[in-house]
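K.L.:
Make a model of this:
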Amino acid sequence: MTRHLFFANVLLVCVAISAGPLLSQTFPVTPILTNGGIDDRINIVCIGDGYTAAEMSTFVNDVTTSTAYLFAEPPYAQYMSYFNVYAIEVPSNESGTDHPNTAPDCPAGTGTFYSDTYFNSSFDASGIHRLLVVQNSSAVFQVLQNNFPQWDIVFLLVNHPMYGGSGGTFATFSLHESAGEIAIHELGHSFASLADEYDYGGVPGYEAANTTAQTMRELIKWNNWILATTPIPTPESAPYAHLVGLFEGAVYNPTGWYRPKLDCLMRGLFYPFCEVCSEQTIISIYEVLSTIESYDPPESAVTLYKSELEEFSVATLDPSTNTVVTSWYVDGNLAAEGTNFYLFNAAEHTLGPHLVEAMSQDTSAMVRTDPHDRLKTTVGWSVSVTSTPTGIGDGSGIDNKGYLAQNSPNPFNPSTTIRYFVPAQGRVSLVVYDVKGRAVRTLVNGNVSAGDHVVEWNGLNDSGERAASGIYFCRLIAAHDIHVKKMVLLK
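P.N.:
I've put the predicted structure just below:
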């Protein structure tokens with residue numbers, strides 16, 4: 001592997017050394033992977049250098065291939081649904097890149113060559129042959145601003161087969177046959193702030209999520225991954241080859257600096273991320289996104305009559321492992337868990353203010369240490385329970401909002417009567433749902449006159465089939481008010 005992270009962070013802030021291309025241009029943006037809205041996902045934006053206009057289809061294919069490679073590797077494979085990928089088609093005047101052949105470690109026979117490219121990419125940066133950077137980084141930022149300002153991660157694909165790459169602000173890599181591995185390694189730098197774990201380079205080491213100079217077991221930042229029987233420091237021998245420990249040699253230094261595992265993608269190609277690097281990558285994902293995508297009701301304050309129920313719900317963003325779990329709390333006490341819905345029955349609570357909270361947490365076994373609770377999201381509602389006025393919903397006209405009475409009988413078999421009141425003529429929806437939130441029977445869907453109404457549910461679904469015994473919810477939506485009642489069908 002290369003020593004690129006330390007130097008790349010320096011080089012990527014350099015200004016352009018020439019006038020460069022027109023910086024106000026816009027270019028076609030091709031979606032490669034779309035899992036959600038731009039504001040709801042981590043957006044990976046891929047830009048090419050050294051692709052001519054005639055090679056744009058090749059560029060899009062290269063991005064597609066790199067995307068497939070990335071999301072086949074853990075932990076990105078499990079969290080693919082959290083990402084979008086786009087390709088900005090920026091043509092260069094000439095194909096390829098620069099190799100000035102000035103680095104002392106240039107292999108014999110690589111030759112000297114230059115190409116007129118949009119971002120002026122080049123090998124041999126800082127005297128290191130494999131350090132591949134874009135020298136016109138200001139042009140990259142301008143292209144992003146003009147074409148996709150909502151970017152979170154930038155991949156820069158350089159159209160040349162020679163091995164090279166760099167981390168820093170942009171994850172830059174060539175189209176060497178190991179391009180997929182290079183891309184993920186560089187993404188470890190630019191997205192997850194992971195350090196190189198190889199021990200050559202001769203530059204100062206530094207603390208990172210996956211590197212440390214600490215040798216006291218209880219103070220090692222990844223101590224939660226180390227077995228009590230694993231010696232510290234950890235010998236580089238077969239019994240410990242697949243265990244997390246404290247292996248000497250990391251972040252450009254053979255001694256005095258340590259890494260979590262004998263082999264890892266941050267140390268060499270064609271190894272998976274170790275447990276510590278995977279953990280940090282997942283934490284980095286949740287530094288951008290949260291486990292809760294949306295919630296209902298959208299208002300933070302809800303007022304309920306003593307006789308009413310209100311359904312609260314959250315929509316969560318889940319990895320393929322389905323490890324996001326939601327727990328519900330009322331006034332700080334656990335009320336339900338393992339469900340994205342909670343039915344608040346005002347009759348069960350005292351008059352006055354209450355707090356309903358939903359806490360959704362990714363319980364992935366790939367994360368053992370989350371000191372800042374990145375994998376946890378909480379939303380809350382202030383619920384005020386008030387007395388139900390005498391005569392409400394009886395047609396006396398004192399109620400200025402809709403009302404849904406408890407069905408009768410309840411429990412029931414085979415049918416039950418549902419009574420509701422609407423204060424004014426308008427559109428009404430009265431639907432029966434099962435406990436998973438699926439619509440079972442639509443009882444009313446249309447304009448209804450003001451006043452009291454009575455509907456019977458005969459226990460059949462919309463297909464005319466008998467509904468299974470169990471718990472159901474009847475939801476009334478009228479005049480922007482929502483009311484819910486819990487019903488029990490017995491067999």
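K.L.:
what are the ranges of the helices in this structure?
P.N.:
Assigned by DSSP state H, the helices in the chain fall at 4-11, 56-70, 137-147, 179-190, 275-286.
K.L.:
The longest one vs helix 179-190, what angle?
P.N.:
Which is helix 56-70. Counting by axes from the mean of the first three to the mean of the last three CA atoms, to 10 degrees, helix 56-70 lies at 70 degrees to helix 179-190.
K.L.:
okay, Ser408: pLDDT?
P.N.:
Per-residue pLDDT puts Ser408 at 89.
K.L.:
Could you do the one 10 residues further on as well?
P.N.:
Here, the pLDDT recorded for Ile418 equals 94.
K.L.:
Then Ala450?
P.N.:
88.
K.L.:
Show me how far stretch 292-299 is from its chain's centre.
P.N.:
Put simply, stretch 292-299 sits 17 Å off its chain's centre (CA atoms, centre = their mean, to the nearest Å).
K.L.:
List the contacts of it.
P.N.:
Applying CB atoms under 8 Å, 6 or more residues apart in numbering, the contact partners of stretch 292-299 are 36, 40, 310-317, 358, 360, 377, 379, 381, 482. Glycine gets a C-beta too; all of them are placed from N, C-alpha and C.
K.L.:
residue contacts, the residue positioned nearest the centre of the chain?
P.N.:
In the chain, the residue lying closest to the centroid (CA atoms, centre = their mean) is Tyr82, at 3.7 Å. Taking CB under 8 Å, 6+ apart, we find Tyr82 in contact with Asn35, Arg41, Ile42, Ile285, Leu289, Leu317, Pro319.
K.L.:
Among these, which ones are in strands?
P.N.:
Counting by DSSP state E, the contacts of Tyr82 place Ile42 in strands.
K.L.:
that older thread, nearest to Ile232, of the helices of the chain?
P.N.:
helix 275-286 (14.7 Å; CB to CB).
K.L.:
Show me how far stretch 51-64 is from its chain's centre.
P.N.:
Once both centres are worked out by CA atoms, centre = their mean, stretch 51-64 turns out to sit 28 Å from its chain's centre.
K.L.:
same check, this time on stretch 428-442
P.N.:
The answer for stretch 428-442 is 30 Å, by CA atoms, centre = their mean.
K.L.:
end-to-end on that stretch?
P.N.:
Taking CA to CA, to the nearest Å, stretch 428-442 runs 11 Å from one end to the other.
K.L.:
Tell me if I'm right that Cys46 and Leu33 touch.
P.N.:
No. The pair Cys46 / Leu33 is not scored as a contact, 10.4 Å apart, by CB atoms under 8 Å.
K.L.:
so what's in contact with those two at the same time?
P.N.:
In contact with both Cys46 and Leu33: Thr67, Val85, using CB under 8 Å, 6+ apart.
K.L.:
if we can go back for a sec, in ChimeraX, how would I select just the buried ones from the contacts of stretch 292-299?
P.N.:
Command for ChimeraX that selects the buried part of those, burial taken from 16 or more other CB atoms under 10 Å:
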select :36,310,311,312,313,314,316,317,358,360,377,379,381,482
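K.L.:
Looking at the helices of the chain, spot the one closest to Lys436.
P.N.:
helix 275-286 (26.5 Å).
K.L.:
what's next to that closest one, contact-wise?
P.N.:
Outside helix 275-286, the residues that reach it (CB under 8 Å, 6+ apart) are 42, 74-76, 79, 82, 188, 191-194, 209-210, 222, 225, 244, 260-261, 264-266, 272-273, 362, 364, 366-370, 374-375.
K.L.:
again, but for stretch 139-155
P.N.:
16, 20-21, 23-27, 29, 38-39, 42-47, 63, 66, 86, 88, 90, 118-120, 134, 156, 169-173, 183, 187, 190-191, 288.
K.L.:
buried set for it?
P.N.:
Ala139, Val140, Phe141, Gln142, Val143, Leu144, Asn147, Phe148, Trp151, Ile153, Val154, Phe155.
K.L.:
and what of stretch 40-53?
P.N.:
Arg41, Ile42, Asn43, Ile44, Val45, Cys46, Ile47, Gly48, Asp49, Gly50, Tyr51, Thr52.
K.L.:
Check stretch 361-372 too.
P.N.:
Gln361, Asp362, Ser364, Met366, Val367, Asp370.
K.L.:
Next: stretch 420-438.
P.N.:
Going by neighbour count (16+ other CB under 10 Å), the buried part of stretch 420-438 is Tyr420, Phe421, Val422, Pro423, Val428, Leu430, Val431, Val432, Tyr433, Asp434.
K.L.:
who's in contact with the residue lying closest to Asp98 once chain neighbours are set aside?
P.N.:
Closest residue to Asp98 apart from its sequence neighbours, by CB to CB, 6 or more residues apart in numbering: Ser122 at 3.8 Å. Residues counted as contacts of Ser122 (CB under 8 Å, 6+ apart) are Thr97, Asp98, His99, Pro100, Leu132, Val133, Gln135.
K.L.:
Can you pull out the low-pLDDT segments for the stretch 151-300 of the chain?
P.N.:
Residues of the stretch 151-300 of the chain meeting the criterion pLDDT under 70: none.
K.L.:
Please report how far the residue nearest to Asp98 lies from Glu357.
P.N.:
Between Ser122 and Glu357 the computed distance is 54 Å (CB to CB, to the nearest Å).
K.L.:
repeat for Glu275
P.N.:
Glu275 is 32 Å from Glu357, by CB to CB.
K.L.:
Which strand residues bridge Thr30?
P.N.:
Ala87 (DSSP bridges).
K.L.:
Can you read off the pLDDT for it?
P.N.:
98.
K.L.:
thought it was touching Phe59?
P.N.:
No. Look at Thr30 against Phe59 with CB under 8 Å: they stay out of range, at 9.1 Å.
K.L.:
Report the beta-bridge partners for Val455.
P.N.:
Ile418.
K.L.:
hang on, I meant Phe113
P.N.:
For Phe113, the beta-bridge partners are His99 (DSSP bridges).
K.L.:
What is the burial count for it?
P.N.:
14 (other CB atoms under 10 Å).
K.L.:
repeat for Thr321
P.N.:
Neighbour count of Thr321, defined by other CB under 10 Å: 15.
K.L.:
returning to what we had before: how about the contacts of stretch 292-299, which pair is most distant?
P.N.:
Top of the distance list for the contacts of stretch 292-299 (CB to CB): Gly36 and Glu310, 27.7 Å.
K.L.:
Now the phi/psi pair for the nearest residue to Leu70 once chain neighbours are set aside, please.
P.N.:
Ranked by CB to CB, 6+ apart and with sequence neighbours excluded, the top spatial neighbour of Leu70 is Tyr76, at 5.4 Å. Taking degrees, to the nearest 10, you get phi -60, psi -30 for the backbone angles of Tyr76.
K.L.:
any idea how far Asn410 is from Tyr76?
P.N.:
49 Å.
K.L.:
how close does the residue nearest to the centre of the chain get to Glu181?
P.N.:
Taking CB to CB, one finds Tyr82 at 22 Å from Glu181.
K.L.:
now Leu460
P.N.:
Plainly put, Leu460 is 58 Å away from Glu181 if you go by CB to CB.
K.L.:
got it, and Gly268?
P.N.:
With CB to CB as the criterion, Gly268 and Glu181 are 9 Å apart.
K.L.:
Pick out whichever of those two has more residues nearby.
P.N.:
Higher neighbour count among Gly268 and Glu181: Glu181, with 20 against 13, using other CB under 10 Å.
K.L.:
Fine by me, we can end here.
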